[in-house]
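Student: Sequence isn't available, so here's the structure alone:
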């Protein structure tokens with residue numbers, strides 16, 4: 001038995017012990033798929049954060065936390081007689097073999113064909129899994145998880161629709177769509193303001209804001225950019241620059257809450273010069 005096999009066996013045994021009805025941990029025993037799901041999502045984000053930070057030791061720890069989530073879900077499924085961890089591992093193994101015919105089946109598609117072949121296999125698997133289910137499950141957009149971050153899900157929906165030809169030919173008309181949605185957002189804001197009652201048309205404004213964000217995600221897709229990653233980078237840049245403003249203000253004995261708009265603007269300009 002390899003070190004990896006021994007370590008995984010020990011982890012599976014530990015999970016079984018934690019869920020043991022008589023000798024397990026009370027907290028672990030009372031958990032359900034629904035109660036654990038938010039932790040699973042959180043751990044996946046912490047893996048991404050460790051990667052972005054380039055912290056290799058933390059990446060190892062976060063991958064362990066994420067693996068534990070998989071083991072936790074598999075254990076609860078095994079207790080219900082649905083499947084066990086071995087079935088999970090076998091399923092992904094077999095799926096990857098099917099999706100890599102150029103490696104395992106002797107096929108030799110050109111490099112530019114690999115993505116198309118991968119997507120064709122995914123589409124076939126979705127169609128097969130939808131057999132016998134509700135009609136809606138067999139639609140082109142079926143299977144895009146609702147729990148995904150909104151930017152990620154918007155990009156996936158756009159890519160899925162594009163596979164059947166529902167898409168713009170290039171980035172330029174998508175940019176025009178962004179401007180169109182921005183104008184509609186302005187119109188909705190004007191309508192809400194003209195109603196004379198704050199928030200009276202908040203629903204319409206929110207709807208137009210959603211349309212604007214969706215079009216921006218599709219623009220980023222055509223530009224071959226990851227909207228979620230771009231926004232994460234912008235968040236990080238804002239944090240760095242705001243921290244720099246705070247540092248400048250403290251050094252000058254300024255009270256942040258007492259700063260005027262002009263003073264904030266001046267500090268922001270300094271922070272931008274000294275903090276990328």
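Tutor: That came through fine. What you are looking at is a predicted structure, and each value in this text was computed from that prediction instead of being measured. Numbering: from 1, shown residues only.

Student: ok, residue 273 to residue 175 distance?
Tutor: 30 Å (CB to CB, to the nearest Å). All C-beta atoms are positioned from the backbone trio N, CA, C, and that covers glycine.

Student: between these two, who's got more neighbours?
Tutor: Comparing residue 273 with residue 175 by neighbour count (other CB atoms under 10 Å), the higher total belongs to residue 175, at 16 against 10.

Student: Name the nearest residue to that one, sequence neighbours excluded.
Tutor: Closest residue to residue 175 apart from its sequence neighbours, by CB to CB, 6 or more residues apart in numbering: residue 219 at 5.9 Å.

Student: next SSE after the strand or helix carrying residue 38?
Tutor: For residue 38, the element it lies in under DSSP states H and E is helix 33-53. Sequence-wise, the next helix or strand downstream of helix 33-53 (DSSP H and E) is helix 56-79.

Student: For that next one, which helices and strands make contact with it?
Tutor: helix 3-18, helix 33-53, helix 85-98 (3 or more CB pairs under 8 Å, 6 or more residues apart in numbering; DSSP states H and E).

Student: List of residues touching that helix?
Tutor: 11-12, 15-16, 19, 28, 31-33, 36, 39-40, 43-44, 46-47, 49-51, 83-85, 88 (CB atoms under 8 Å, 6 or more residues apart in numbering).

Student: Just the buried ones from the residues you listed?
Tutor: 11-12, 15, 19, 28, 31, 40, 43, 46-47, 50, 85, 88 (16 or more other CB atoms under 10 Å).

Student: Quick check: the farthest pair among those residues?
Tutor: The span of the buried ones among the contacts of helix 56-79, defined through CB to CB, is set by 19 and 50 at 27.5 Å.

Student: low-scoring stretches of the protein, by residue?
Tutor: For the chain, the stretches flagged by pLDDT under 70 are 107-138, 195-201.

Student: how's it carved up into domains?
Tutor: Domain assignment of the chain by automatic domain parsing yields the ranges 3-138, 150-225, 229-274.

Student: Quick check: which of those is buried the most?
Tutor: Per-stretch averages of neighbours, counted by mean count of other CB atoms under 10 Å, single out domain 150-225 among those, with a mean of 15.

Student: before we move on, the earlier item: so who does the residue nearest to residue 175 touch?
Tutor: 171, 174, 175, 177, 178.

Student: try 10 Å this time
Tutor: The neighbours of residue 219, taking CB atoms under 10 Å, 6 or more residues apart in numbering as the test, are 158, 168, 171, 172, 173, 174, 175, 176, 177, 178, 225, 227.

Student: now swap in residue 40 and tell me
Tutor: Counting by CB under 10 Å, 6+ apart, residue 40 touches 33, 65, 66, 68, 69, 70, 72, 73, 147.

Student: how about 6 Å then?
Tutor: residue 69 (CB atoms under 6 Å, 6 or more residues apart in numbering).

Student: Where does residue 83 sit: helix, strand or coil?
Tutor: In three-state terms, and counting by DSSP: H, G, I helix; E, B strand; the rest coil, residue 83 is coil.
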